[in-house]
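A.B. asks: Sharing a model that was predicted from the sequence below.
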Amino acid sequence: MSQQSLHYQLVIVGSGPAGLAAARAASHSARSILLIDDNPRPGGQIWRHGPGHPPTAALSQALEVLRHPAVRYLSGTRILGALGPQCLLLEDDRHAWQLHFEQLILCCGAQELLLPFPGWTLPGVTGAGGLQALLKNGLQVSGKSLVIAGSGPLLLASAASARQAGARVLRVLEQAPLSSLLGFAGQLWRWPDKLAQALQLATTAYRCNAHVLEALGQQQVEAVRIRQGRRTEEIPCDLLACGFGLVPNSRLANHLGCRLEHGAIVVDSEQRSSLPQVYAAGECTGIGGRELAEIEGQIAGFAASGQLQRASALIRQRRHWQGFAARLQRHFELQASVLQLARADTLLCRCEDVAYGAVASAANWTTAKLQQRCGMGACQGRVCANAAQRLFGWEPAPPRLPLVPARIASLMLDGAPPDTAD
Ligand SMILES: Cc1cc2nc3c(=O)[nH]c(=O)nc-3n(C[C@H](O)[C@H](O)[C@H](O)COP(=O)(O)OP(=O)(O)OC[C@H]3O[C@@H](n4cnc5c(N)ncnc54)[C@H](O)[C@@H]3O)c2cc1C
């Protein structure tokens, strides 16, 4: 098969709300747009669908942009790294190819923050957003008892999905104190849809100022020890879903050399990053929810395709939703107690079996990697690098090519998809 390279005016990475909105906005003016996602299906996290979970009406509407003649979509496609300032190396399950672009919009979304606690690697323990994703992919939980813990609105969304799938949700444990939650709830009138959503998801199983201490069990989680206020309690359960909020997915941006702050891609009013040819939108620029992601995506799409007036018309709307994002950050800030759950023998890096105690005194992330292999396993630090950043303040060094495990043939640029001549 001959080697081929692709050339597009605009490349968008991520087909969640931000990426689809960026493509729609840019399609009014851009000559050629390529949308890439490493997932097999478009929609990102909030619009994830799968067996038994058909696409929502909102997703179906957002997907209409894929029918536009200037837009092409590649699913299940991984970015291995940059070959130059305007060239990426990609692969899918069969092919690899070079991709040249004039402008790039990163809409890489967020990752769930998983913090280590004793027992967190037992089968039956997942993230809260992770449980959502598993349910949408067909995980059966009917009749199972479940505890959900951690922080943020995703806990309630996850609980609602699990209940709908037939699970018995015993508790939803939010680490933030009551005063913070009341402060948050008291301001929700400014975002009426969010208020309505919160009321719809509310459950009597919800407890604030409460967090997990330990997952207990031999082969599988059998119970969870929790703290609520000053009280400690043991709750028998079949499943535990625990996530401590979301963190921006800025790995690709870090690799490309974009400036980051607190793990998020720094952007200007037009969503342009510190690199002139790279824009960013959605939760990779900061956690803010679907609405903010969509508005930022539109601004980035308009700006990257030269429609600056249309971009600036959305700035007020973005400010409104940035206000919601700021309150989310403030009121669900992690308490010191949940940053101290790991014991010395608790695994931090579950791929390479590296215990918390083995790296706690390391000077930085690079030392932890080189001396203990922390973050050097199959997931390449996707889980433990975020945890280490939160626990120790370590900034990860820019990752190098290949960003994900890749075929040797791909690294040699062997082959190209037969239908991608451009
Ligand atoms: C696990 C999880 C579950 C969530 N569930 C909900 C929920 O149920 N309800 C809710 O309101 N919010 C949920 N959220 C929050 C949700 O992420 C946002 O509100 C919203 O989806 C953000 O949109 P986005 O476009 O910024 O990112 P996303 O929707 O996350 O989309 C980003 C897309 O980019 C792709 N991507 C990332 N990096 C690359 C790469 N290098 N190469 C190719 N593709 C890439 C990802 O696979 C993903 O499809 C969840 C978040 C997470 C992390």
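C.D. replies: Arrived safely, thanks for sending.

A.B. asks: which SS state does residue 104 fall under?
C.D. replies: strand (DSSP: H, G, I helix; E, B strand; the rest coil).

A.B. asks: Tell me who's in contact with it.
C.D. replies: With contact taken as CB atoms under 8 Å, 6 or more residues apart in numbering, residue 104 is in contact with 10, 11, 12, 13, 86, 88, 256, 277, 278, 279. In short, each C-beta sits where N, CA and C put it, glycine included.

A.B. asks: which one of the residues you listed is nearest the ligand?
C.D. replies: residue 13 (5.1 Å; CB to the nearest ligand atom).

A.B. asks: so after the lengthiest helix in the chain, what's the next helix or strand?
C.D. replies: When the chain is parsed with DSSP state H, its longest helix is helix 315-331. On the C-terminal side of helix 315-331, the nearest following helix or strand under DSSP states H and E is strand 347-349.

A.B. asks: on contacts alone, who are the packing partners of that following strand?
C.D. replies: strand 354-355, helix 356-359, helix 384-392 (3 or more CB pairs under 8 Å, 6 or more residues apart in numbering; DSSP states H and E).

A.B. asks: which of the contacts of residue 104 are close to the ligand?
C.D. replies: residue 13 (CB under 6 Å from any ligand atom).

A.B. asks: Quick check, the residue in the stretch 301-422 of the chain closest to the ligand?
C.D. replies: For the stretch 301-422 of the chain, CB to the nearest ligand atom, closest residue to the ligand: residue 403, 6.8 Å.

A.B. asks: Near the spatially closest residue to that residue that is not a sequence neighbour, how many other residues are there?
C.D. replies: Nearest residue to residue 403 in three dimensions, chain neighbours excluded: residue 81, at 5.3 Å (CB to CB, 6 or more residues apart in numbering). Residue 81: 18 surrounding residues under other CB atoms under 10 Å.

A.B. asks: what's the spacing between residue 81 and the ligand?
C.D. replies: Shown here: residue 81 relative to the ligand, a distance of 10 Å by CB to the nearest ligand atom, to the nearest Å.

A.B. asks: my read: that residue touches residue 401, true?
C.D. replies: Yes: between residue 81 and residue 401 there is a contact at 2.8 Å, judged by CB atoms under 8 Å.

A.B. asks: Identify the contacts common to the two.
C.D. replies: What both residue 81 and residue 401 touch, as defined by CB under 8 Å, 6+ apart, is the set 89, 255.

A.B. asks: List phi and psi for residue 90.
C.D. replies: Dihedral pair for residue 90: phi -120, psi 160, per degrees, to the nearest 10.

A.B. asks: Correction: the previous question concerned residue 225.
C.D. replies: According to degrees, to the nearest 10, residue 225 has phi -100, psi 130.

A.B. asks: now residue 12
C.D. replies: The phi and psi values for residue 12, taken as degrees, to the nearest 10, are phi -120, psi 130.

A.B. asks: now the residue in the stretch 201-350 of the chain positioned nearest to the ligand, nearest residue through space, not along the chain?
C.D. replies: Nearest residue of the stretch 201-350 of the chain to the ligand (CB to the nearest ligand atom) works out as residue 282 at 2.4 Å. Closest residue in space to residue 282, ignoring its immediate chain neighbours: residue 18 at 2.7 Å, by CB to CB, 6+ apart.

A.B. asks: neighbours around the one you found, how many?
C.D. replies: By other CB under 10 Å, the residues close to residue 18 number 34.

A.B. asks: Shouldn't residue 63 be within a strand?
C.D. replies: No: looking at residue 63 with three-state DSSP, it is helix, so not inside a strand.

A.B. asks: What is the burial count for the residue in the stretch 101-250 of the chain that the ligand sits nearest to?
C.D. replies: Using CB to the nearest ligand atom, the closest approach of the stretch 101-250 of the chain to the ligand is made by residue 109 at 2.2 Å. Residue 109 sits with 24 neighbouring residues when counted by other CB under 10 Å.

A.B. asks: Could you do residue 260 as well?
C.D. replies: By other CB under 10 Å, 19 other residues sit near residue 260.

A.B. asks: thought it was touching residue 253?
C.D. replies: Yes: counting by CB under 8 Å, residue 260 does reach residue 253; the two are 6.6 Å apart.

A.B. asks: in terms of contact, does residue 92 touch residue 74 like I think?
C.D. replies: Yes: Residue 92 lies in contact with residue 74 (CB under 8 Å); the separation is 7.0 Å.

A.B. asks: Any regions of the stretch 301-422 of the chain where pLDDT drops low?
C.D. replies: Under the criterion pLDDT under 70, the flagged ranges of the stretch 301-422 of the chain are 413-422.

A.B. asks: Write out the residues of this protein neighbouring the ligand.
C.D. replies: Close to the ligand, as judged by CB under 6 Å from any ligand atom, the chain has residues 13-19, 36-39, 44-46, 79, 107-112, 129-130, 132-133, 154, 157, 246, 249, 252, 282-283, 289-290, 293.

A.B. asks: In strands, which of the residues you listed fall?
C.D. replies: 13, 36, 79, 110, 111, 112, 246 (DSSP state E).

A.B. asks: Closest one of the residues you listed to residue 51?
C.D. replies: Of all these, the one with the least separation from residue 51 (CB to CB) is residue 112, at 21.6 Å.

A.B. asks: Around the closest one, count how many other residues there are.
C.D. replies: 24.

A.B. asks: For it, give me the pLDDT.
C.D. replies: Per-residue pLDDT puts residue 112 at 97.

A.B. asks: Isn't it up against residue 127?
C.D. replies: Yes: taking contacts as CB under 8 Å, residue 112 lies within contact range of residue 127: 4.3 Å.

A.B. asks: Show the residue spans covered by the strands in the stretch 101-250 of the chain.
C.D. replies: Per DSSP state E, counting those that start in this stretch, the stretch 101-250 of the chain carries strands over the ranges 110-112, 125-126, 145-151, 168-174, 206-207, 210-216, 223-228, 231-236, 239-244, 246-248.

A.B. asks: Partner strands of the third one and their direction?
C.D. replies: Counting by DSSP bridges, the strands paired with strand 145-151 are strand 168-174 (parallel), strand 239-244 (parallel).
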